[in-house]
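S.K.: Got a predicted structure here, sequence first:
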Amino acid sequence: KQATLFADDNFRVGKVPDRLFGSLVEHLGRCVYTGIYEPGHPKADEHGFRKDVLQLVRELGVTTIRYPGGNFVSGYRWEDGVGPQGERPHRLDSAWHSKETNKFGLHEMSAWLEEAGGNELMEAVNLGTRGLQEALDLLEYSNVPDGTRLSDQRIRNGHREPFNIKMWCLGNEMDGPWQMGHIDALSYGRLAAKTAAGMRQIDPSIELVVCGSSTHDMPTFGEWEQTVLDQTYDLIDFVSCHAYFKPVNGDIQSFLASGVDMDRFINDVYSIIASTKAKRHSKHDVFLSFDEWNVWYEANEPAHNPAGIDNWPVAPRLLEQLYSAADAVVVGDLLISLLKNVNHVHAASLAQLVNVIAPIVTEPGGAAWRQTIFYPFSQVASTVKKGVVLLPCLDSSEMNTDLYGSVDIVNAVAVVCHDGSLIIFAVNRSINDPIKFSVNLPSAMHLNAVYAQTLHEDDISAKNTLHDPNRVVPHENSSVVIDSQGFNICLPPVSWSIVHVY
Ligand code: AHR
């Protein structure tokens with residue numbers, strides 16, 4: 001079995017958007033509390049931010065942070081999270097049946113982002129239980145310099161300068177029957193349109209994300225996007241896509257080809273955007289914000305939502321999934337799909353950042369470590385920023401999958417980095433077969449050295465745990481052979497590789 005990638009600098013898809021490597025920080029389980037924020041932890045700073053987590057976040061290379069949800073935002077009152085911490089109310093978070101103490105809010109998030117490296121905030125407004133007025137209030141509080149009730153309140157609360165938030169999500173997963181305040185597509189489209197128009201009257205420079213579908217296989221998929229875009233097209237900048245992947249009925253082979261579904265999802269949504277633009281004779285461009293994506297063995301986590309009218313725990317352990325080597329390969333496959341589609345996808349967020357289906361795990365009062373999925377994400381995010389994705393011309397042996405039919409065994413993409421070096425990412429999706437992977441380079445390119453790292457485990461279920469945090473890590477792949485066309489390398493079955501060409 002073999003595959004060949006033709007990496008020619010003359011044929012390009014487009015620039016890698018900075019926002020492609022975002023993540024989601026939701027008030028959910030222990031993502032915020034005992035995740036990024038844990039006053040009293042031996043490694044917490046004066047704000048209560050865990051420095052060990054901050055260091056891993058920087059290493060991960062995340063850019064934009066979507067906040068404060070997720071489903072949480074659809075019942076959230078942003079005002080609860082600002083002002084003196086001791087006076088903030090405890091509230092019910094009915095999305096996750098938890099108690100929200102509001103010790104962490106907008107100001108804390110802004111300060112945390114500064115410490116994380118100046119990452120951009122992508123703020124979501126509540127269009128579940130709230131609407132236009134509250135969105136306008138939050139925008140005034142955040143972006144108006146001073147001289148009004150809410151901007152002056154921000155200043156009194158300790159932030160002289162406006163937060164200047166550019167990117168705003170108009171609600172979260174409003175197509176989902178589980179969402180607080182879920183409504184039909186037409187009602188949502190109208191609500192999103194008037195919210196967008198109102199927000200732009202305050203700050204025309206903002207960029208707005210309208211809710212697309214929560215999964216590619218929602219019964220309303222397609223119709224939802226079309227109806228919402230018909231109401232909002234010229235008022236918004238992005239349509240969101242959300243997708244979580246897991247093996248269905250133990251079908252690992254299809255699971256390993258999850259990137260095929262992501263490619264199709266992107267293509268389907270982009271087709272609706274393009275036809276809407278044509279229909280309206282619009283000059284305005286709308287892109288995709290793939291602002292929740294990951295592997296998630298939904299409903300198989302160790303703990304489920306608490307229950308009971310008298311039982312609203314603070315930061316319970318929820319969605320704390322430990323990821324395997326196979327999961328890391330799928331995350332790599334999905335990253336390759338995002339890169340191949342940078343002409344359409346201008347923002348994306350891995351969901352989520354810490355503890356909750358996350359690349360980083362912590363113990364309260366204890367250690368923080370990297371999950372298997374940390375590695376493909378950090379290897380992409382830390383190398384290709386400001387790079388240019390090359391047209392993925394790939395000729396691969398195929399394999400059969402129950403979910404997607406016949407698909408390429410190898411998925412791969414090449415990126416020219418800002419320093420002129422070339423990086424290639426590749427996954428071998430086969431459960432059993434190693435692949436000879438050749439990369440053909442243009443004859444004008446001088447190849448000095450090739451260095452490759454591969455993440456592969458014979459036990460594809462191997463995980464990184466508190467007691468064995470470095471069980472699964474990438475290793476040097478020394479099978480590279482430089483040949484007259486470029487080079488070739490052996491990709492073991494179920495593997496993720498990064499290859500630097502100098
Ligand atoms: O990321 C976990 C949840 O998944 C989010 O809260 C929601 O938006 C999605 O359904």
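M.R.: Arrived safely, thanks for sending.

S.K.: And the strands in the stretch 51-200 of the chain?
M.R.: For the stretch 51-200 of the chain, the strands defined by DSSP state E, counting those that start in this stretch cover 65-67, 91-93, 98-100, 121-125, 167-170.

S.K.: Show me what the longest one is in contact with.
M.R.: The list of residues contacting strand 121-125 from outside it, by C-beta atoms under 8 Å, 6 or more residues apart in numbering, reads 19, 22, 64-70, 73, 106, 109-110, 113, 134-135, 138, 142, 163, 165, 167-172, 195, 209, 291, 347, 349. Placement of C-beta: from N, CA and C, glycine included.

S.K.: Can you show me the CA trace of it as CSV?
M.R.: Coordinates of each C-alpha in strand 121-125 appear next as CSV, following Å, rounded to 0.1, in the frame of the first residue of the first chain:
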residue,chain,number,x,y,z
LEU,A,121,-11.3,36.5,22.9
MET,A,122,-14.3,35.3,20.9
GLU,A,123,-17.3,36.1,23.0
ALA,A,124,-20.7,34.4,22.8
VAL,A,125,-23.9,36.2,23.6
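
S.K.: Kindly provide the whole-number mean pLDDT of that strand.
M.R.: Average pLDDT, strand 121-125: 98.

S.K.: That one and the ligand, any residue contact?
M.R.: No: figure legend: strand 121-125 not in contact with the ligand (C-beta under 6 Å from any ligand atom); closest approach 9.4 Å.

S.K.: do the first one as well
M.R.: No: using C-beta under 6 Å from any ligand atom, strand 65-67 never reaches the ligand; the gap is at least 9.6 Å.

S.K.: by contact count, what packs against that strand?
M.R.: Helices and strands touching strand 65-67, as assessed by 3 or more C-beta pairs under 8 Å, 6 or more residues apart in numbering; DSSP states H and E, comprise strand 22-24, helix 106-116, strand 121-125.

S.K.: how does it look with 10 Å?
M.R.: strand 22-24, helix 106-116, strand 121-125, strand 167-170, strand 287-295, strand 345-351 (3 or more C-beta pairs under 10 Å, 6 or more residues apart in numbering; DSSP states H and E).

S.K.: How far off centre is the second one?
M.R.: It stands for helix 106-116. The chain centre lies 19 Å from the centre of helix 106-116; the measure is C-alpha atoms, centre = their mean, to the nearest Å.

S.K.: quick one: it to strand 121-125, angle?
M.R.: Angle, helix 106-116 to strand 121-125, by axes from the mean of the first three to the mean of the last three C-alpha atoms, to 10 degrees: 160 degrees.

S.K.: Take the strands of the stretch 51-200 of the chain and lay them out in a markdown table including mean neighbour count.
M.R.: A markdown table is the format used below for the strands of the stretch 51-200 of the chain (neighbours: other C-beta atoms under 10 Å):
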| stretch | mean neighbour count |
| --- | --- |
| strand 65-67 | 28 |
| strand 91-93 | 16 |
| strand 98-100 | 23 |
| strand 121-125 | 25 |
| strand 167-170 | 24 |
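
S.K.: Could you dump those into a markdown table and include distance to Leu447?
M.R.: Listed next are these as a markdown table, based on distance: least, C-beta to C-beta, whole Å:
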| stretch | distance to Leu447 |
| --- | --- |
| strand 65-67 | 38 |
| strand 91-93 | 55 |
| strand 98-100 | 54 |
| strand 121-125 | 39 |
| strand 167-170 | 40 |
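
S.K.: Please tell me how far the residue in the chain positioned nearest to the ligand sits from Tyr76.
M.R.: In the chain, the residue that lies nearest the ligand is Gly70 (2.9 Å; C-beta to the nearest ligand atom). Distance, Gly70 to Tyr76, by C-beta to C-beta, to the nearest Å: 10 Å.

S.K.: which residues do those two both contact?
M.R.: Shared contacts of Gly70 and Tyr76, defined by C-beta atoms under 10 Å, 6 or more residues apart in numbering, are found at 27, 95, 124, 172.

S.K.: For those, give me CSV that also has distance to Val354.
M.R.: Below are the shared contacts of Gly70 and Tyr76 laid out as CSV (distance: C-beta to C-beta, whole Å):
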residue, distance to Val354
His27, 12
Ala95, 18
Ala124, 18
Asn172, 19
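
S.K.: What about these, which one has the most neighbours?
M.R.: Asn172 (32 neighbours; other C-beta atoms under 10 Å).

S.K.: Please indicate which of the contacts of strand 121-125 are buried?
M.R.: 19, 22, 64-70, 73, 106, 109-110, 113, 134-135, 138, 142, 163, 165, 167-172, 195, 209, 291, 347, 349 (16 or more other C-beta atoms under 10 Å).

S.K.: Could you export the helices and strands packed on strand 65-67 as CSV, including distance to Val260?
M.R.: Formatted as CSV, these follow (distance: least, C-beta to C-beta, whole Å):
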stretch, distance to Val260
strand 22-24, 23
helix 106-116, 33
strand 121-125, 27
strand 167-170, 27
strand 287-295, 14
strand 345-351, 16
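
S.K.: Tell me which of these lies nearest to Ser378.
M.R.: Taking C-beta to C-beta, strand 345-351 is the member of the helices and strands packed on strand 65-67 nearest to Ser378, at 10.8 Å.

S.K.: mean confidence for whichever helix or strand comes after the closest one?
M.R.: With elements assigned by DSSP states H and E, the helix or strand that comes after strand 345-351 is strand 360-362. The average of the pLDDT scores along strand 360-362 is 98.

S.K.: same check, this time on stretch 191-203
M.R.: When pLDDT is averaged over stretch 191-203, the result is 98.

S.K.: Stretch 3-22 now?
M.R.: Rounded mean pLDDT across stretch 3-22 is 95.

S.K.: So is it next to the ligand?
M.R.: No: counting by C-beta under 6 Å from any ligand atom, the ligand has no neighbours in stretch 3-22; the shortest distance is 13.1 Å.

S.K.: Domain map for the chain?
M.R.: Residue ranges for the domains of the chain, per automatic domain parsing: 17-211+223-242+256-317+343-367, 393-501.

S.K.: deepest of those, which one?
M.R.: Among these, the stretch with the highest mean neighbour count (mean count of other C-beta atoms under 10 Å) is domain 17-211+223-242+256-317+343-367, at a mean of 19.
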